[in-house]
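Student: Next comes the sequence, and after it the predicted model I'd like to discuss.
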Amino acid sequence: MAIDVDYKRGAADVARLFNLAEDDYRAKTLLPVSAEAVAAAETLFATSVQSYRETLLGCGLARLQNRRINIRSPYANQGADSFNGRSLDEVVINRFLQEKEIPSGKGPYLAVFRRSVRFVPETAQGLRDKAGYTAMLSYLSELEACTDDAGVELLIRLLLFKFVELRDKAQVAVAKIGRLSLAQYSVLIEQLLQTQSGGLLPVLLTVAMFRTIKACYSLPWEIEWQGINVADKVSGAGGDITIRRDGAIFLAIEVTERVVDGPRVVSTFNTKIVKNAIPDYLFLTTQPPARDATEAAGHYFAQGHEMNFLAMRDWICNVLGTVGMACRKQFTDQFLALLQAEAPATVKVRWNELIKGLFGL
């Protein structure tokens with residue numbers, strides 16, 4: 001009689017560890033695992049045989065739940081310490097990989113590991129990629145050597161880190177949408193602004209909005225914007241977004257998720273507004289500015305300089321409410337084009353999840 005695996009717990013574990021792995025990937029974190037595990041993972045994710053790494057993920061979850069499980073015996077008829085690897089894959093692993101839009105197969109127990117095979121060296125005789133399978137066995141040994149949850153979780157996180165990397169190298173298509181009501185726009189924009197993107201999503205939303213205004217009203221604007229990791233003083237820009245008319249700056253926009261305080265307003269005035277002779281400067285924010293920020297801006301206004309603050313979600317929704325249906329569609333198209341071209345896979349997948357949730361899919 002095989003040992004049962006709790007599929008609900010398995011789904012929760014893989015989702016939790018995947019979130020950590022995405023953080024690891026963004027931060028380029030080096031996990032404290034053995035060199036052997038790292039080398040095996042590199043081989044496993046270089047091979048075209050998807051079944052090896054997908055199978056390993058299931059073995060890791062089984063090992064995390066119950067150390068009595070023999071993770072080399074993935075068929076229920078293989079003894080009292082075996083487990084049902086195929087069911088675990090179908091109910092948890094394969095479904096999860098597809099939901100996260102990670103390149104995956106239809107199931108390792110249908111594609112490669114059929115006929116009640118065990119994960120032992122002799123099984124390599126019937127496999128075409130023996131080096132990849134050897135790496136899989138090496139990783140299984142690393143999992144078996146772990147006697148506590150922390151060690152097993154680190155090895156699962158390494159696998160998931162590599163899955164995130166694999167997805168990032170693939171081309172994730174963003175979900176297309178048709179019409180949205182203003183209420184749906186409001187919900188969607190709020191969710192996007194709450195999504196961790198390193199400041200990218202607020203900038204893309206803002207660029208899409210200004211491009212829409214320009215197109216809808218045939219304005220003679222030149223809209224320049226820069227990557228979020230490019231310093232203004234290095235690029236020579238007046239802000240995250242600079243709008244020129246007849247070659248001269250008439251509006252600069254700084255998009256920020258941090259609370260704007262008084263010292264930041266003073267620094268912006270001295271290093272950007274004065275230096276670039278900017279007549280109008282706008283902070284588009286996701287959080288209300290500090291009181292000393294509005295006081296400093298008021299001081300500069302009295303001297304003839306425009307420094308203003310707008311709440312990003314309210315600004316976008318209000319503009320969308322006034323430009324009309326055709327221009328709202330244009331805003332969506334502009335944003336999706338930017339998202340497809342500029343966003344990493346993690347952000348694209350988040351967009352696709354939000355769209356599914358918005359339409360109850």
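Tutor: On my side now, so go ahead.
Student: now the strands: where do they sit in the stretch 151-300 of the chain?
Tutor: Using DSSP state E, counting those that start in this stretch, the strands of the stretch 151-300 of the chain run over 222-225, 241-245, 248-256, 280-285.
Student: Neighbouring strands - and their directions - for the third one?
Tutor: This means strand 248-256. Strand 248-256 pairs in its sheet with strand 241-245 (antiparallel), strand 280-285 (parallel), by DSSP bridges.
Student: Mind listing what's buried along that strand?
Tutor: Using 16 or more other C-beta atoms under 10 Å as the burial criterion, the residues of strand 248-256 that qualify are 249, 251-256. (Glycine included, C-beta is placed from N, CA and C.)
Student: now stretch 125-133
Tutor: Those would be 127, 129, 132-133, for stretch 125-133 by 16+ other C-beta under 10 Å.
Student: so how far is residue 211 from residue 342?
Tutor: Counting by C-beta to C-beta, to the nearest Å, the separation of residue 342 from residue 211 is 13 Å.
Student: wait, residue 238
Tutor: Residue 238 is 18 Å from residue 211, by C-beta to C-beta.
Student: The two - which one has more neighbours?
Tutor: Higher neighbour count among residue 238 and residue 211: residue 238, with 24 against 20, using other C-beta atoms under 10 Å.
Student: Tell me how far the more buried one lies from residue 203.
Tutor: From residue 238 to residue 203 the distance is 15 Å (C-beta to C-beta).
Student: just the strands paired with strand 248-256: most buried one?
Tutor: Among the strands paired with strand 248-256, strand 280-285 has the highest mean neighbour count (mean count of other C-beta atoms under 10 Å), at a mean of 21.
Student: tell me the average confidence for that one?
Tutor: For strand 280-285, the mean pLDDT works out to 96.
Student: Show me the shaky parts of this protein.
Tutor: The model of the chain has pLDDT under 70 over residues 227-237, 361.
Student: Domain ranges for it, per the record?
Tutor: Using automatic domain parsing, the domain ranges for the chain come out as 7-169, 182-358.
Student: I'd like to know which of those lies nearest to residue 175.
Tutor: Nearest to residue 175 among those is domain 182-358; the distance by C-beta to C-beta comes to 4.4 Å.
Student: how long is the closest one end to end?
Tutor: 13 Å (C-alpha to C-alpha, to the nearest Å).
Student: again with stretch 255-264
Tutor: End-to-end distance of stretch 255-264 (C-alpha to C-alpha): 13 Å.
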